[in-house]
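>>> The sequence and its predicted three-dimensional model are supplied below.
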Amino acid sequence: MSSSISNFNMKYLPFVQPLLFLGIFAILLTTIDYTLKWGVKHSTDAQTGKINQIMLHKVDPDLMVFGSSVAEVGFNSPLLSQELGLYSFNGAVDGTRFQQYKGLVKEVNAFSENAKYIVFGITYFDFIKTNQLTEPSRFYAFINNDNIYQSLYEIDNENVHKVKSIPFYAFTQYTHTYYKNALLGLRSHLTSRTPVDSLFGFVPHKAAWNADTAKPAHVQKIKLSPELLNDFKILKEQLNSRERKVIVVFMPMHVSGQRHFSNLKEVVQQISTLADPGLFFDYTDSSICESTEYFYNQNHLNTRGANTFSAHFAKELEKRLKL
């Protein structure tokens, strides 16, 4: 009997050590991945910090702004709060289009008890379909959240599916942004120091006009995606069902930038149908668009422009909502 056991051990011993090593290695990687994810979720830095505030339900304002960097630098949320008497938060995320940030909107709609007004700061590219994610590492800590997963999956289904489903594949997709935020989140926890976002998501840009951005360019036609426009209408119905008003703002664009598009007016008209009645605001005709003092490039307001735009928008919104 002992001879049989000895023979069995001798036969399988070469496999035991590698399997044991792989098991320990897998446990180590799992621990590292969990720790990184925990750190990222507790980072308060830049766009990752803003996404965390939304996804961890740490902000629940009366008025929430969504959009790309155009909205992020354009809506002065403390000013809106002051002028409207409504707690306002700028949830716009740099580099994202509607395709990518709609998961954040759905999350707010699912948990928020206070959000009465959802503002979309739209520009020409929001409803142009893309198959390329922008800084997905900002979102990967919440890949198991259905709202985030679906919005990312629709853009890059292959990689996003692998990140969620294949063990440790995510390590091939994490960028320096992810690791940086993991370290910042862990450090914040260990030192018990959590920076306060006194600007409520607003990211002011104090730079002056960059003349290089106004160089002549080929005139192009904007091609909106019917599928994305329909997605927005469905999302609007979901927001309305929770008694939230949907406000759509076509953001200011300097006149030198508007000349790059042959059908901008038609696009604005098409997007105007997305808002609740009387709650579409077109700022492409605003006097703001005629002066470089309000922009740092053709599509982004500087701090002075953001203050001027936000004050005007607040007054107009107050009139229409009869606050």
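Looks like it came in fine.
>>> Break down the stretch 51-200 of the chain into its strands, ranges please.
With strands called from DSSP state E, counting those that start in this stretch, the stretch 51-200 of the chain shows them at 63-67, 88-90, 117-122.
>>> Make TSV from these and add mean pLDDT and mean neighbour count to it.
Placement of C-beta: from N, CA and C, glycine included. Listed next are these as TSV, based on pLDDT from 0 to 100; neighbours: other C-beta atoms under 10 Å:
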stretch	mean pLDDT	mean neighbour count
strand 63-67	98	26
strand 88-90	97	28
strand 117-122	98	26
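>>> Out of those strands, which is closest to residue 322?
strand 117-122 (13.0 Å; C-beta to C-beta).
>>> quick one: that closest one to strand 63-67, angle?
Using axes from the mean of the first three to the mean of the last three C-alpha atoms, to 10 degrees, the direction of strand 117-122 lies 20 degrees away from that of strand 63-67.
>>> Touching strand 117-122 from outside, list them.
For strand 117-122, the external contacting residues (C-beta atoms under 8 Å, 6 or more residues apart in numbering) are 62-68, 70-71, 74-75, 86, 92, 98, 105, 108-109, 126, 239, 244-251, 271, 274, 321.
>>> Is there a neighbour count for residue 177? I'd like the number.
Per other C-beta atoms under 10 Å, the neighbour tally for residue 177 reads 19.
>>> What number of residues are in the vicinity of the closest residue in space to it that isn't next to it in sequence?
Computed as C-beta to C-beta, 6 or more residues apart in numbering, the closest residue to residue 177 that is not its neighbour in sequence is residue 137, at 4.8 Å. Residue 137 has 21 neighbours, counted by other C-beta under 10 Å.
>>> Hmm, residue 180 and residue 137 touching each other?
No. The criterion here is C-beta atoms under 8 Å, and residue 137 misses it with residue 180 at 9.4 Å.
>>> and the residue nearest to residue 177, what pLDDT?
Residue 137 is assigned 93 on the pLDDT scale.
>>> can you pull the contacts of it?
Contacts of residue 137 by C-beta under 8 Å, 6+ apart are 173-175, 177-178, 181.
>>> Would you format the residues you listed as JSON lines with distance to residue 301 included?
Below are those laid out as JSON lines (distance: C-beta to C-beta, whole Å):
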{"residue": "173", "distance to residue 301": "33"}
{"residue": "174", "distance to residue 301": "33"}
{"residue": "175", "distance to residue 301": "28"}
{"residue": "177", "distance to residue 301": "25"}
{"residue": "178", "distance to residue 301": "29"}
{"residue": "181", "distance to residue 301": "27"}
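>>> Need the buried ones from those selected in PyMOL.
Command for PyMOL, covering only those of the contacts of residue 137 found buried under the criterion 16 or more other C-beta atoms under 10 Å:
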select buried, resi 173+174+177+178+181
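>>> need the contacts of residue 137 in CSV with pLDDT, can you?
Listed next are the contacts of residue 137 as CSV, based on pLDDT from 0 to 100:
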residue, pLDDT
173, 92
174, 93
175, 91
177, 92
178, 93
181, 93
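>>> contacting residues for the nearest residue to residue 255 once chain neighbours are set aside?
Nearest residue to residue 255, sequence neighbours excluded (C-beta to C-beta, 6+ apart): residue 289, at 5.4 Å. Residues in contact with residue 289, defined by C-beta under 8 Å, 6+ apart, are 252-255, 258, 283.
>>> same thing but at 6 Å, please
Residue 289 sits next to 252, 254-255 when contact means C-beta atoms under 6 Å, 6 or more residues apart in numbering.
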